[in-house]
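1. Structure, please.
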Amino acid sequence: MATNPTLVPERVSRPRTVEQLVTGKPTSDGAGVQLTRVLTQALQRRLDPFLMLDAFGSDNPDDYIAGFPDHPHRGFETITYMIAGRMLHRDSAGNEGLLSNGGVQWMTAGRGVIHSEIPQQEAGVMEGFQLWLNLPGRDKMCAPWYRDFAAADLPRFVTEAGVAVTLIAGASHGVTGAVTRAATAPLYLDLHLPAGTRLSQSLPATHNAFIYVYRGAVSVAGQSIPAQRMAILANDAEADGVVIEAAEEAKVLLIAGQPLNEPIAQHGPFVMNTVQEINQAIDDFRSGRLGALA
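-> Down below sits the predicted model:
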């Protein structure tokens, strides 16, 4: 997609401040994949509608090569963004796709899907992020949906200040992202800021928002945010956006969304509204109904 569309400047007159800096927790998932859980279960209410953010990256194949064998999901969406490496996806709905450098895989688990995500190289760097986005209760049992977006399919632009923006979801500077969602209105930007630049992004005051710095360092409202830190942006009824400044070259994810304000019941890969719905998901999985085609 063209990288220089006609841009509409984002106006921010009262920027948000940083409420809290968060250090991710090293963990493993799947068949022993080493990763950092940045958005943990303890932050789900605060960062509603987002349920989890994992950052993974290693040049040691032992950290990732076994990948994520068959596992189920129900009740939410997964957005996998690959910075480097390749990951093969297969699922019970018959979908298959190879996610490669700069690409995004967006999957709506809905009423249930069983899938695998397996790295397709035996050496080299594997790096990326997986974000879990909740579904409203009315949509949790919708039909599963899946789409791969190659890097060339994602809207990209460069601001007048020289900030390179990859727009995965939502809208920015008059450009619409690869995916939009009415209920949660997610905004998902990958920002590459050269030294000495800044980016202004308007945000509805009602949205929860955070940034994750994965290269370099930035500052927001005078608060320095180093690499491998998440900054939760303060909710302020008068604030109209965020301004991110980079004294050095930096790469940052900016993520925001409209909270659902619904109960969250989670058991591993199932996220529903009630314990009864979780128990039904477990029973459906054990009986082989969860991944069956409707």
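2. For this structure, which segments are assigned as helices?
-> Under the criterion DSSP state H, helices of the chain are mapped to 275-286.
3. what residue ranges in it score low on pLDDT?
-> Counting by pLDDT under 70, the chain shows low-confidence ranges at 1-4, 292-294.
4. For it, which residue occupies the most central location?
-> Using CA atoms, centre = their mean, the residue of the chain that lies closest to the mean C-alpha position is L131, 3.1 Å off.
5. list the contacts for that one?
-> Shown here is L131, whose contacts under the criterion CB atoms under 8 Å, 6 or more residues apart in numbering are L39, F50, M52, L53, T78, I79, T80, Y81, Y188, I255. C-betas here are computed from N, CA, C, even on glycine.
6. can I get those in JSON lines with neighbour count?
-> Output for the contacts of L131, formatted as JSON lines (neighbours: other CB atoms under 10 Å):
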{"residue": "L39", "neighbour count": "24"}
{"residue": "F50", "neighbour count": "26"}
{"residue": "M52", "neighbour count": "21"}
{"residue": "L53", "neighbour count": "24"}
{"residue": "T78", "neighbour count": "21"}
{"residue": "I79", "neighbour count": "23"}
{"residue": "T80", "neighbour count": "20"}
{"residue": "Y81", "neighbour count": "22"}
{"residue": "Y188", "neighbour count": "26"}
{"residue": "I255", "neighbour count": "28"}
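7. now, among those residues, which is nearest to P61?
-> The nearest member of those to P61, counting by CB to CB, is T80 at 18.8 Å.
8. Look up the closest residue to that closest one, ignoring the ones flanking it.
-> Excluding its sequence neighbours, the residue lying closest to T80 (CB to CB, 6 or more residues apart in numbering) is Q105, at 4.4 Å.
9. what's the burial count for the one you found?
-> When counting by other CB atoms under 10 Å, one arrives at 23 neighbours for Q105.
10. pretty sure it is touching H89, no?
-> Yes - Q105 is in contact with H89 according to CB atoms under 8 Å; the separation is 5.9 Å.
11. on that earlier part again, and the gap between the residue nearest to T80 and I168?
-> With the distance defined as CB to CB, to the nearest Å, Q105 ends up 11 Å from I168.
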